[in-house]
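Engineer: turn this into a structure:
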Amino acid sequence: MTSDGRKKMVERYDCTGAGDVDTSIVVQANDDGNIVGVSGRLLKIPTDWTNPSGQFHIGIVNCYDLYPANLRERIEKYRKEKLWDPGFKKVFADTMRKLQYCSSFSTNTLNGSEDDTLLDNKDKYGSQKNQSLNVK
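Structural biologist: Below is the predicted model of the structure:
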């Protein structure tokens, strides 16, 4: 509510899916009141739920499929910028720098005594490849 008593609407999303979930799989609860969902998770059925048949129709759907397009785009943009880009950009820059370094040695200059120097330089720089490039 606002300070003058009016209702405040921030955002509203219809995430019902309107029949988008295939619920053709039918299961029954075990003695403990649990069922195994389509994803393999153990689902606890509340004791206050009444189900005369004892059968439950279960299904699964990716939550992104239920989101409106603008919400999905906003979430994907956030995840890309905050979770993917920082690690990816660092690894990409390191890889490009190494590629540029290795490419700076022309294969046309491989003659005579330069062979050993070139291979030594590549091995020296290439030894860093054993270091793990973990993206977190």
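Engineer: quick check on Leu56: phi, psi?
Structural biologist: Just to correct that, residue 56 is Phe rather than Leu. Main-chain torsions, Phe56, degrees, to the nearest 10: phi -120, psi 130.
Engineer: likewise Asp31?
Structural biologist: phi -60, psi -30.
Engineer: kindly report the same for Gly5.
Structural biologist: According to degrees, to the nearest 10, Gly5 has phi 90, psi 0.
Engineer: who's Ile58 bridged to?
Structural biologist: Applying DSSP bridges to Ile58 gives these bridge partners: Ile25.
Engineer: how about the helices of this protein, start to end?
Structural biologist: 63-66, 69-79, 85-103, 114-126 (DSSP state H).
Engineer: in TSV, list those along with mean pLDDT and distance to His57.
Structural biologist: Just so you know, the C-beta spots here come from the backbone N, C-alpha and C atoms, and that holds for glycine as well. Converted to TSV, the helices of the chain look like this (pLDDT from 0 to 100; distance: least, C-beta to C-beta, whole Å):
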stretch	mean pLDDT	distance to His57
helix 63-66	77	18
helix 69-79	91	26
helix 85-103	91	41
helix 114-126	55	58
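Engineer: need these in JSON lines with distance to Ala29, can you?
Structural biologist: Listed next are the helices of the chain as JSON lines, based on distance: least, C-beta to C-beta, whole Å:
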{"stretch": "helix 63-66", "distance to Ala29": "25"}
{"stretch": "helix 69-79", "distance to Ala29": "34"}
{"stretch": "helix 85-103", "distance to Ala29": "43"}
{"stretch": "helix 114-126", "distance to Ala29": "59"}
